[in-house]
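Chemist: Okay, structure incoming, though there's no sequence with it:
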């Protein structure tokens, strides 16, 4: 069973947070509505600055787009299991190019994305793996500042400095652009739940590794 949520609607605003720091006292988290109310509003934001996170050969015969949320337990399970097999047998062998696109159900998923992207494409997937591995722990923390601090710890483990993390987490313009980018993608590919996949233009539901392998092999045989 996948986690799903309506993402568009006349009154649909995504509540996200921008993290500010006050001296040495620690993080102060303020919530603000920075999402677009509908697809028309999202279209007013220039999303061309958002970098697609890609793994695999550029000329791979199969392109697989994954839509996932860092706060989705089913996405974490996929990344710790099925994804590892797909990466080893299809992505690393040049058969599949993976495009990973974040979905934002809540402010925590957005913050996680901002930290994962803070290290650039070179560190994104490694940081993402750490976020998914720790999801069962950080998701149980009682407050937003505690969760943000866990994301910061993961960023530091990946070699990102404190000042760089501060800049990434305080970038409200980037947060707004990411939300608009996610809305554009989700509308275009009719994404209503996570994880969801588009393989060579066809929407595909989450499934076992064996089922993905069968699908890939059929595509490669054509």
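Modeler: Arrived safely. Please read all numbers here as calculations on a predicted model, not as lab measurements.

Chemist: Centroid-nearest residue for this protein?
Modeler: In the chain, the C-alpha nearest the mean C-alpha coordinate belongs to residue 102, at 2.6 Å (C-alpha atoms, centre = their mean).

Chemist: What distance do you get for that residue to residue 121?
Modeler: Here the distance between residue 102 and residue 121 works out to 14 Å (C-beta to C-beta, to the nearest Å). Where you see a C-beta, it was placed from the backbone N, CA and C, and this is true even at glycine.

Chemist: quick one on the thing from earlier: am I right that the residue nearest to the centre of the chain is in contact with residue 70?
Modeler: Yes. Distance between residue 102 and residue 70: 7.2 Å, which falls inside the contact criterion (C-beta atoms under 8 Å).

Chemist: quick one: common contacting residues for these two?
Modeler: Taking C-beta atoms under 8 Å, 6 or more residues apart in numbering as the contact rule, residue 102 and residue 70 both touch 109, 113.

Chemist: Please name every helix or strand in contact with the host helix or strand of residue 78.
Modeler: In this structure, residue 78 sits in helix 73-80 according to DSSP states H and E. Here helix 73-80 touches strand 62-68, helix 121-133, helix 135-138, going by 3 or more C-beta pairs under 8 Å, 6 or more residues apart in numbering; DSSP states H and E.

Chemist: what's the next secondary structure element after that helix?
Modeler: By DSSP H and E, the next helix or strand past helix 73-80 is helix 82-86.

Chemist: mean confidence for that next one?
Modeler: For helix 82-86, mean pLDDT rounds to 98.

Chemist: Quick check: buried residues in the longest helix along the chain?
Modeler: When secondary structure is assigned using DSSP state H, the longest helix within the chain turns out to be helix 172-188. Buried residues in helix 172-188, counting neighbours by 16 or more other C-beta atoms under 10 Å, are found at 174-186.

Chemist: and those as a markdown table, adding distance to residue 58 and pLDDT?
Modeler: Below are the buried residues of helix 172-188 laid out as a markdown table (distance: C-beta to C-beta, whole Å; pLDDT from 0 to 100):
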| residue | distance to residue 58 | pLDDT |
| --- | --- | --- |
| 174 | 26 | 91 |
| 175 | 29 | 90 |
| 176 | 30 | 88 |
| 177 | 25 | 92 |
| 178 | 24 | 93 |
| 179 | 28 | 91 |
| 180 | 26 | 91 |
| 181 | 21 | 94 |
| 182 | 23 | 93 |
| 183 | 27 | 91 |
| 184 | 22 | 93 |
| 185 | 20 | 94 |
| 186 | 24 | 92 |
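
Chemist: Run through the residues that contact residue 222.
Modeler: Listed by C-beta under 8 Å, 6+ apart, the contact set of residue 222 is empty.

Chemist: Where does pLDDT dip in this structure?
Modeler: When the per-residue scores of the chain are filtered using pLDDT under 70, the ranges that remain are 1-43.

Chemist: Which residue ranges of it form strands?
Modeler: 3-4, 15-21, 27-33, 53-55, 62-68, 96-102, 193-194, 196-199, 202-205 (DSSP state E).

Chemist: List of residues touching the last one?
Modeler: If I follow you right, that is strand 202-205. Here strand 202-205 makes contact (C-beta under 8 Å, 6+ apart) with 2, 189-190, 196-198, 215.

Chemist: mind checking how far residue 99 is from residue 205?
Modeler: On the measure of C-beta to C-beta, residue 99 and residue 205 end up 17 Å apart.

Chemist: Those two - which one has more neighbours?
Modeler: Relative neighbour count places residue 99 above the other of residue 99 and residue 205, with 16 against 10, counting by other C-beta atoms under 10 Å.
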